[in-house]
Structures are given as structure tokens and as C-alpha cells.
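[1] model this:
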Amino acid sequence: MPQTRSYAAAHFGLELDGSDAVGLFRSIEGGGVRAEVMTYQNGGNYLRMRQLGKPKFEDIKVQVGMAMSQPFYNWIEQFFEGHAVRKTGAIVAADFYYNERARREFDGAMIKELTFPKLDASDKNAAYMSVGIAVETIKFLPGKPQKLPQPKGFDAQKLWTACNFSFRLDGFDDACKRVSKVDSFTVKQNVIEYHMGGVRAPIKTSSGIDFPTIAFYVPEADADMFTAHAEKRVVKGDVPGKLHGQLQTFDNERRPLFTLEFAGADILSVTPDRSDSSSEDIKQVKVELYTEGMKFSYATLA
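    Next up is the predicted model:
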């Protein structure tokens, strides 16, 4: 098939630090190149002249499940530890037959943010994480005359569904046994652009990580411990100490996929669901936690 023919990109691969594909995405967006437009006016002339300024490389956003290989999840673990590890690599687009058709090679890539999906005990659909990657340069190149290799463990990937999870909070073990939902949340790292000398594109450096609040839901019958803790901590101002806990996900055979531990947490709000006489749903209570730090641990593929 001539390479000039149009194609429907059915598979996308990620290469990191010169290695073969470390995973296949569910979707990818961004990663474009654009320039800022500079407008200036000369004296009393009403004519406004424009020219292109510095290039700007857009962030890459990928949606992934549990089909990525170990190097990618190691990168995520380093992100949670506060290490802004820079990677070189490429986004490879392939057709239905895994033939490479196009490449976008990047340099100086850092994980900028990571969004965990909403987990719901009643939702059996597949779950995916969204990962934002900031890059310093991008090059658009044609695909190499080769097939996109499937990463190790891809054929036996562990299916991650939104209903397979457990939530634990120290001191609230009994109350957390029936956590029904965990809202989506995003861990962000600020990226600062540094312009210097005659370099056209800015150098990107990392800043502090912003750990979000975690919101989860329990039946109102199990909420007494949370409301009592909130009354002591929020209303009376007692200082009972920081809380620790974890969010763990599983595949359909109850084998661990990854564990997200959080520390330095405390309950900041306890809010009952809206009461409606026409509703037959179980009455839920929303509990929100702030956190000071998180740790991501991936279970190695068997």
C-alpha cells in the first residue's frame, strides 16, 4: 500500500528513551505546533503589521488503561514522588494492520497532570486514566517502514473496570467497607516556561505538585463515624491527628492493578445527598478529604 494513501489511524504507540512501544493508548489529543502572533504599529500609521513570534508546543493528552508496560507506570510513580523526570520519545500512529504511518517525536517531556476516573460500584464499564504531558519540542515525521510492536503483556492485559476498587481510611475500617463511589480527581504539577537568550522555544521547568481533595460516598447508615469526626475536627476545633489511607483497584479476578496511598489527610466536609420522596435510591453521604501527599504503586503484570 503506498504511504501517500489516506488511512484511519486505529492504533497509537508510545516510545520512551529510544525503547520500543511501551503501550497502546485509547485516545490521544494535542501535541500540535503553533506560533504566537506579534502585532505592532509604527508611529501614527494606522496600519497594524503582524509577524510570527516564538513557537509553542501544545501539551499531549493521552487516555490509558492498564495495557501500558512497566516503564510508563514507573514514570507515573516518579511524578507522584515529585521527580520531574524528562523523557524523549515519540507518538507513533499506525493503521489497522499495525503498520507505522506517522510519527511525532518529542523531547524534554514531563508529566504535567494525571486524572483518575470516577469509580462506581454499579458501573461495569472500562476505566481509563488521562495523562497530560508537557513537551519542549515536537517534530512531525513520516512513519518508519516497520510494524508497531505490541508491548509485553498487552494480549493478557488486566481489564480495569470502574466497579472494582476498595477504599480504606485508618480508623474508619468498618465505615469504609461499603464505599460506593469515588469522584474523579486530578493531580497537577505546575510547569513554568523560562525564556532565555536566542532560544526560540522556552525551556519548561517543574514546580510544586497540587494534590486534590478526594470525595467518596458511603450509605447514610455507615456515616456516623465520619460525622462524629467532622464535628470534633471542624466544629469544635479538636486536633485528632492526620489520617492515612489508600485507594486500590482490581481486575475482574480481584488481582491488584495499582494502589494510590494518601497521607496527611483529614475530613473537611460531610454532606448528605438530596432527599427526594420519589427516589428509591439508597441514601448516600458525601465525605471529602484533603491530602498532603500521595504515592502511586503499580502491580507488575504477570
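[2] tally of neighbours for I76?
    As a burial measure, I76 scores 20 neighbours (other C-beta atoms under 10 Å). Quick note: C-beta positions are derived from backbone N, CA and C, even for glycine.
[3] cool, and the one 5 residues further on?
    Number of residues near E81 (other C-beta under 10 Å) recorded here: 13.
[4] Which residues are in contact with it?
    K295 (C-beta atoms under 8 Å, 6 or more residues apart in numbering).
[5] Can you tell me how far it is from K204?
    Going from E81 to K204 by C-beta to C-beta, to the nearest Å gives 19 Å.
[6] ditto for Y97
    The value you get for Y97 to K204, if C-beta to C-beta is used, is 36 Å.
[7] and the two? which has more neighbours close in?
    More neighbours surround K204 than the other of Y97 and K204, with 19 against 11 (other C-beta under 10 Å).
[8] What are the phi and psi values at the more buried one?
    Phi and psi for K204, reported as degrees, to the nearest 10, are phi -100, psi 130.
[9] For it, report the pLDDT, please.
    Note on K204: pLDDT of 86.
[10] quick one: the helices in the stretch 201-302 of the chain?
    Taking DSSP state H, counting those that start in this stretch as the criterion, the stretch 201-302 of the chain contains helices spanning 224-230.
[11] tell me the mean pLDDT over stretch 120-140?
    91.
[12] Numbering from 32 from now on, please.
    In the new numbering, first residue 32, that becomes stretch 151-171.
[13] just the CA coordinates of it, formatted as PDB?
    Extracted C-alpha coordinates of stretch 151-171, given in PDB (Å, rounded to 0.1, in the frame of the first residue of the first chain):
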ATOM      1  CA  ASP A 151     -18.700   3.500  40.900                       C
ATOM      2  CA  ALA A 152     -19.600   0.100  42.400                       C
ATOM      3  CA  SER A 153     -22.600  -0.100  40.000                       C
ATOM      4  CA  ASP A 154     -20.500   0.800  36.800                       C
ATOM      5  CA  LYS A 155     -19.100  -2.200  34.900                       C
ATOM      6  CA  ASN A 156     -17.600  -0.100  32.100                       C
ATOM      7  CA  ALA A 157     -13.800   0.000  31.500                       C
ATOM      8  CA  ALA A 158     -12.000   2.800  33.300                       C
ATOM      9  CA  TYR A 159      -9.100   4.900  31.900                       C
ATOM     10  CA  MET A 160      -6.700   7.500  33.300                       C
ATOM     11  CA  SER A 161      -6.000  10.700  31.500                       C
ATOM     12  CA  VAL A 162      -2.300  11.800  31.500                       C
ATOM     13  CA  GLY A 163      -1.200  15.300  30.400                       C
ATOM     14  CA  ILE A 164       2.400  15.600  29.100                       C
ATOM     15  CA  ALA A 165       4.200  18.900  28.600                       C
ATOM     16  CA  VAL A 166       7.000  18.800  25.900                       C
ATOM     17  CA  GLU A 167       9.700  21.300  24.900                       C
ATOM     18  CA  THR A 168       9.900  20.300  21.200                       C
ATOM     19  CA  ILE A 169       7.900  18.300  18.700                       C
ATOM     20  CA  LYS A 170       8.900  17.100  15.200                       C
ATOM     21  CA  PHE A 171       6.400  15.700  12.700                       C
END
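[14] Check which residues of that stretch are buried.
    Neighbour-count burial for stretch 151-171, counted by 16 or more other C-beta atoms under 10 Å, picks out 151, 158-167, 169.
[15] now it, how far from the centre of its chain.
    5 Å (C-alpha atoms, centre = their mean, to the nearest Å).
[16] ditto for stretch 58-66
    17 Å.
[17] Endpoints of that stretch, how far apart?
    Stretch 58-66 has an end-to-end distance of 25 Å (C-alpha to C-alpha, to the nearest Å).
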